[in-house]
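Undergrad: Based on what follows, work out the 3D shape:
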Amino acid sequence: MVLRVREVSTSPFEGQKPGTSGLRKPVTVVTQPNYVENFIQSTLSTVKDVDTSGRTKILIGGDGRYYNDVAIPTIVRMCAANGFKHIILGVDGLFSTPACSAYIREEGCVGGILLTASHNPGGPDGDFGIKYNVGNGGPAPSSITDAIYKRTLEINTYKILDPIQLDISKLGDVTLETEGGSVEVSIVDGVQVHRELLRTIYNFSDIRSYLSKRKVTGDAMSGVMGNSLVEIFSKDLGVEIEHLVRYKSLPDFGGSHPDPNLVYGKDLVEKMKQGELEFGVAFDGDGDRNMILGRNGFFVTPSDSLAIITANHALIPFFSANKFIGVGRSLPTSRAVDKVAEKMGITVYETPTGWKYFGNLMDAGMISVCGEESFGTGSIHIREKDGMWAALAWLSILAGRKMSVEEIVQDHWRVYGRHYYSRHDYENLSTEQGKSVMATVGKCVEGGSPMPSLKGDKVDQCFDFSYKDPVTGDVAEKQGYVFLTEHGSRVIFRLSGTGSSGATIRIYLERYDPEVIDADTADMLEPLVELALTVSDIMSISGRTGPTVIT
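TA: Numbering: from 1, shown residues only. Below is the predicted model:
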């Protein structure tokens, strides 16, 4: 039977502007008739316009969250109707974000449509996300997401095939005969390409030998990384399956918030505090973020993790065979890695938040690793952050140095000094409250209100961060307000771009001390907290008594 291509009339929806990591909206919004179709058509039309390679292979993957099972067949029909001749899906629609990046690069896809809202909650009352990654495997740059958004404002029709019956629970190929020709649909194992790529970076035998005498754990938080935990941690590295937790993918993430931090990952923290496990890692819903813990619940900040991986890169087989070039970090990430880079004689590139800014640097051969304070770490093997890559990096370092997580961190601080660091998140503010807070901070930056005093220090500079891409020359403005002190401390304010509604204000606090490494973080940062509360007036504006989450 030949499937017809239908053109369906539609009208625009407001607010389909992609944020830092694609379009994220509550499920109740996304499930409106034509909502997904409008955004997908706008994406596919843009891809057809900007890609001149003639490639017609595209990947579709997701983190298993609620509504993926409905959206995926619709997107398959739309890709086929829009002239894509080879469509790749993960079994059951499952594809972690790092695996998507690996597969796009390996298979030469024009790009990929990722159905994920990352670390945001799932379920009927949760969030849904749609993100487009380009042919290098990384998030679409602003030029493409801006073009997609423009099309969402003008759309009046979308193309879609007649309904189809497609069983995506089994590996194999299916051919769709359409009036535009044959379309191949390949249903693949979403773990294997990524797994084999990681084998070329790390020595699995050495890690397995190290783990043979130690107990470790991994927590997939009921997200897409469950299969990877079983295949890599258990089958490849010998970790006993009973030590792995929440490795079954669930559409509502088991009712939990799949965000690997000390608040939403408290179950793993408590498990590690029992003192029986040497190492623990938690992954977020789509598998690109990671939280590293040591025995007794010792927490490694993402900023320290990036610095320590950089300092110990020679223990990663890939980097012992390939020159370590440079490092990228986002503006809010602490400057711990800068101290390492200075000693190594390599360059640190400070970018806005958003992994897409690292892609050009990697493609141009300017950096080897990169990271964000929001629990994201990665390297040049793909163009996304990669939670499993980070976990294996730490296991390689542990195996090579024969020290505990805490001992490695403490030793790093003794050599490089300690960057006391914390992030205060004020979540679920109203849009008006978020704008008011940022406007209040902006007034102070622009000199419209007096600068408060700071105990033992003083603000030396304050500015609105902008970034000029050293590869393309593109400029990203208004990326966060920065307060620098004479002693090198920083306070940074950002309006987050990863929420699905309302506003989240993130306040980043950093203080460096070259000698004092064992003080209490809260005590060391107290003067900076007072500064942040004064210049933002966030308590008065929000009516809150404190942050939603402190990391």
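Undergrad: contacts, neighbours, all on C-alpha from now
TA: Fine.
Undergrad: now Leu176, nearest residue through space, not along the chain?
TA: Among residues not flanking Leu176 along the chain, Val183 sits closest, at 5.0 Å (C-alpha to C-alpha, 6 or more residues apart in numbering).
Undergrad: And for Leu198?
TA: Trp389 (7.0 Å).
Undergrad: so what's the backbone phi/psi at the residue nearest to Leu176?
TA: phi -130, psi 120 (degrees, to the nearest 10).
Undergrad: Gly138: neighbour count?
TA: 28 (other C-alpha atoms under 10 Å).
Undergrad: contacting residues for it?
TA: Counting by C-alpha atoms under 8 Å, 6 or more residues apart in numbering, Gly138 makes contact with Ser101, Trp355, Lys356, Gly359, Ile382, Arg383, Glu384.
Undergrad: Now do the phi/psi pair for Val482.
TA: The phi/psi pair for Val482 (degrees, to the nearest 10) reads phi -120, psi 130.
Undergrad: Just grab the bridge partners of it for me.
TA: Legend: beta-bridge partners of Val482 under DSSP bridges are Phe463, Ile492.
Undergrad: just checking, it touches Phe465?
TA: Yes. Counting by C-alpha atoms under 8 Å, Phe465 is a contact partner of Val482 at 6.8 Å.
Undergrad: Compare the two (neighbour count), which wins?
TA: Ranked by neighbour count (other C-alpha under 10 Å), Val482 and Phe465 place Val482 first, with 21 against 16.
Undergrad: Report the separation between that one and Tyr357.
TA: Spatial separation of Val482 from Tyr357 under the definition C-alpha to C-alpha, to the nearest Å is 19 Å.
Undergrad: same deal with Ile292?
TA: On the measure of C-alpha to C-alpha, Ile292 and Tyr357 end up 24 Å apart.
Undergrad: what about Pro251, how many neighbours?
TA: Residues near Pro251, counting by other C-alpha under 10 Å: 22.
Undergrad: Output the below-cut-off pLDDT ranges for this structure.
TA: Confidence mapping of the chain against pLDDT under 70 gives the ranges 448-450, 497-501.
Undergrad: in the stretch 251-400 of the chain, which spans are helices?
TA: 266-273, 302-311, 317-321, 336-344, 356-363, 387-401 (DSSP state H, counting those that start in this stretch).
Undergrad: Which residues are in contact with Leu3?
TA: Leu3 touches Leu161, Asp162, Leu176, Glu177, Thr178, Glu179, counting by C-alpha under 8 Å, 6+ apart.
Undergrad: quick one: contacts for the closest residue to Met1 other than its chain neighbours?
TA: Among residues not flanking Met1 along the chain, Glu177 sits closest, at 6.9 Å (C-alpha to C-alpha, 6+ apart). Shown in contact with Glu177 (C-alpha under 8 Å, 6+ apart): Met1, Val2, Leu3, Val183.
Undergrad: what are the bridge partners for the third one, then?
TA: For Leu3, the beta-bridge partners are Thr178 (DSSP bridges).
Undergrad: what's the distance between Tyr132 and Asp189?
TA: Taking C-alpha to C-alpha, one finds Tyr132 at 20 Å from Asp189.
Undergrad: of the contacts of Glu177, buried ones?
TA: Taking 16 or more other C-alpha atoms under 10 Å as the criterion, what is buried in these is Leu3, Val183.
Undergrad: now the contacts of Glu177 as a markdown table including distance to Arg401?
TA: Converted to a markdown table, these look like this (distance: C-alpha to C-alpha, whole Å):
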| residue | distance to Arg401 |
| --- | --- |
| Met1 | 62 |
| Val2 | 62 |
| Leu3 | 60 |
| Val183 | 51 |
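Undergrad: Let's verify Glu242: helix, strand, or coil?
TA: Using DSSP: H, G, I helix; E, B strand; the rest coil, the structure places Glu242 in helix.
Undergrad: ok, now Gly218?
TA: Going by three-state DSSP: Gly218 is strand.
Undergrad: got a list of what it touches?
TA: So Gly218 contacts Leu229, Phe233, His243, Leu244, Val245, Gly280, Val281, Ala282 (C-alpha under 8 Å, 6+ apart).
Undergrad: That one and Gly287, how far apart?
TA: 12 Å.
Undergrad: again, but for Thr377
TA: Thr377 is 11 Å from Gly287, by C-alpha to C-alpha.
Undergrad: shared neighbours of the two, anything?
TA: With C-alpha under 8 Å, 6+ apart as the test, Thr377 and Gly287 both reach Asp386, Gly387.
Undergrad: Would you mind listing the buried residues in stretch 186-198?
TA: Ser186, Ile187, Val188, Asp189, Gly190, Val191, Val193, His194, Arg195, Leu197, Leu198.
Undergrad: To clarify, my last question referred to stretch 406-419.
TA: So for stretch 406-419, counting by 16+ other C-alpha under 10 Å, buried means Glu406, Ile408, Val409, His412, Trp413, Tyr416, Gly417, Arg418, His419.
Undergrad: which ones are touching the closest residue to Pro251 other than its chain neighbours?
TA: Nearest non-adjacent residue to Pro251, counting by C-alpha to C-alpha, 6+ apart: Arg65, 4.0 Å away. Counting by C-alpha under 8 Å, 6+ apart, Arg65 makes contact with Thr116, Gly122, Gly123, Phe128, Gly223, Leu250, Pro251, Asp252, Phe253.
Undergrad: Quick check: which element contains Arg65?
TA: Secondary structure from DSSP states H and E places Arg65 outside every helix and strand.
Undergrad: Renumber starting at 55 from here on
TA: Taking 55 as the first residue, the last one we looked at is Arg119.
Undergrad: got the buried residues for the one helix or strand Ile595 maps to?
TA: Using DSSP H and E, Ile595 maps to helix 592-596. Neighbour-count burial for helix 592-596, counted by 16+ other C-alpha under 10 Å, picks out Ile592, Ser596.
Undergrad: can you list contacts of that helix?
TA: So helix 592-596 is contacted by Leu483, Gln487, Ser490, Val491, Leu587, Arg598, Thr599, Gly600 (C-alpha under 8 Å, 6+ apart).
Undergrad: can you list the residues that contact the strand or helix carrying the fourth one?
TA: According to DSSP H and E, Val491 maps onto helix 485-499. Outside of helix 485-499, the residues that reach it under the criterion C-alpha under 8 Å, 6+ apart are 503-505, 516-518, 535, 547-549, 556-559, 589-592, 595-596.
Undergrad: before we move on, what about stretch 292-304?
TA: For stretch 292-304, contacts defined as C-alpha under 8 Å, 6+ apart pick out 118-119, 262, 265-266, 269-281, 283-284, 287-288.
Undergrad: what about it, start to end distance?
TA: In stretch 292-304, first residue to last residue: 25 Å (C-alpha to C-alpha).
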